[in-house]
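K.L.:
got a predicted structure plus its sequence, pasted below:
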Amino acid sequence: MMKKNFFDHFADQAAYFAGSPGAFIGASLLVIIWAVTGPFFKFSEVWQMVINTGTTIVTFLMVFLIQKAQNKDSKAIQIKLNELVAAHENANNRIVDIEDLTEEELDQIHKFYENLRNSRNRDTSKEE
């Protein structure tokens, strides 16, 4: 296995932490503290700008970190599915790596399997 680079490690840890109870509690406490300090700052524009700017920056950065983690998870799942398809003797190996196809090509394959399902349903209903 390759050693993770700094960004990969950071993104994994940040995404893990962002989904933890500690992160939720910390964020909730931050909002509560901000709300409680409102009267001391007379609910000024600066007071409002602090929470707006802070949450905007965190949200903006988290979008990229979460997308990085999602891309990695999707790739791992696709590899596992490809392995299962390739290992099964009755599976259609042409569907390995179909995630690389265009949307139109995927639609064609989807229609093929819909037709296959419909024809099997018709065959089953004839037997009954």
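P.N.:
Alright, I've got the coordinates.

K.L.:
what ranges of this protein fall below the confidence cut-off?
P.N.:
Filtered on pLDDT under 70, the chain yields the residue ranges 1-2, 125-128.

K.L.:
give me the most central residue, it.
P.N.:
The structure's the chain has its C-alpha centroid closest to residue 70; by C-alpha atoms, centre = their mean the separation is 3.8 Å.

K.L.:
and that residue, how far from residue 11?
P.N.:
Distance of residue 70 to residue 11, computed by C-beta to C-beta, to the nearest Å: 10 Å. Every residue, glycine included, has its C-beta placed from N, CA and C.

K.L.:
rewinding a little: which helices and strands sit right next to the helix or strand containing the residue nearest to the centre of the chain?
P.N.:
Element membership for residue 70 (DSSP states H and E) is helix 45-87. The contact analysis (3 or more C-beta pairs under 8 Å, 6 or more residues apart in numbering; DSSP states H and E) places helix 45-87 against helix 6-18, helix 21-36.

K.L.:
which strands or helices does the last one pack on?
P.N.:
Based on contacts counted as 3+ C-beta pairs under 8 Å, 6+ apart, the elements that helix 21-36 packs against are helix 45-87.

K.L.:
quick check: next helix or strand after the helix it packs on?
P.N.:
helix 103-127.

K.L.:
what's that following helix in contact with?
P.N.:
95, 98, 101 (C-beta atoms under 8 Å, 6 or more residues apart in numbering).

K.L.:
tell me the contacts of the residue lying closest to the first one once chain neighbours are set aside?
P.N.:
Closest residue to residue 95 apart from its sequence neighbours, by C-beta to C-beta, 6 or more residues apart in numbering: residue 85 at 6.0 Å. Shown here is residue 85, whose contacts under the criterion C-beta under 8 Å, 6+ apart are 91, 92, 93, 95, 96.
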